[in-house]
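K.L.:
Dropping a prediction and its sequence here:
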Amino acid sequence: MFESKVESKKTSRSTTQLIILGVLIILLGVSAFFYIRYQRAQPKTSGSAVYVPDLLRPENTNFEYYKTKIHFEDVKAGLGINYNNTRVAMISGTILNDGDRKLEALELRVTLYDMWGKVSKERTAFAVRPGTGLGAKPMAPLERRSFTISIEGIEYYWNPNEVVLEITGLKYQ
């Protein structure tokens, strides 16, 4: 029978811990470097995460004209709980482009109220946005398209029967 002895070198525990600590410090420094570099490379936006060029605002007369051509149907509000155990309001409905032009972008301000009629939460979001989602194409005249907007951090006394949708920006062809 063959018998073999394997001799292993025992390194001290403190040397191994110092090597691991050194590797972790180097990894932390490299990740901090790339994080700072990535933050500098991001374009600065003015308060909104989404920017649509040439979006018409309420002070524009073309905005006021075409705003009357956009209608909301079957708007419903529901409540859900996300993975962080925070209350989320889900506002959904259908947009009707009753105008004679294609609608490229539609920005809405959603206002939620509590049981006593006071403003509970507000959010500005895009219901139609160019180049995103299944509805990446502009809305054709007389087209209907569904939308859903979620709002996190809803208070306990939120009234789902009182939801106000206001058009704050739009872009059409």
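P.N.:
Now that the structure is in, tell me what you want to look at. Residues are numbered from 1 along each chain as shown.

K.L.:
going forward, measure contacts and count neighbours with C-alpha atoms only.
P.N.:
Will do.

K.L.:
now for the longest strand anywhere in the chain, which elements pack on it?
P.N.:
Identified as the longest strand of the chain according to DSSP state E is strand 158-172. Judged by 3 or more CA pairs under 8 Å, 6 or more residues apart in numbering; DSSP states H and E, strand 158-172 is in contact with helix 61-67, strand 70-81, strand 103-114.

K.L.:
what comes up buried for the first one?
P.N.:
Burial within helix 61-67, assessed by neighbour count using 16 or more other CA atoms under 10 Å, is assigned to F63, E64, Y66, K67.

K.L.:
one step back: got a list of contacts for the longest strand of the chain?
P.N.:
With contacts defined as CA atoms under 8 Å, 6 or more residues apart in numbering, strand 158-172 is touched by 54-58, 63, 67, 77-78, 101-115, 120.

K.L.:
Domain map for the chain?
P.N.:
11-42, 61-172 (automatic domain parsing).

K.L.:
out of these, which comes closest to V50?
P.N.:
Closest of the domains of the chain to V50 is domain 61-172, at 8.3 Å (criterion: CA to CA).

K.L.:
Quick one: end-to-end length of that closest one, please.
P.N.:
13 Å (CA to CA, to the nearest Å).

K.L.:
Quick one: low-confidence residue ranges for the chain.
P.N.:
1-11, 38-49, 131-136 (pLDDT under 70).

K.L.:
Can you check which helix is longest in it?
P.N.:
Selection of the longest helix in the chain by residue count, based on DSSP state H, yields helix 13-41.
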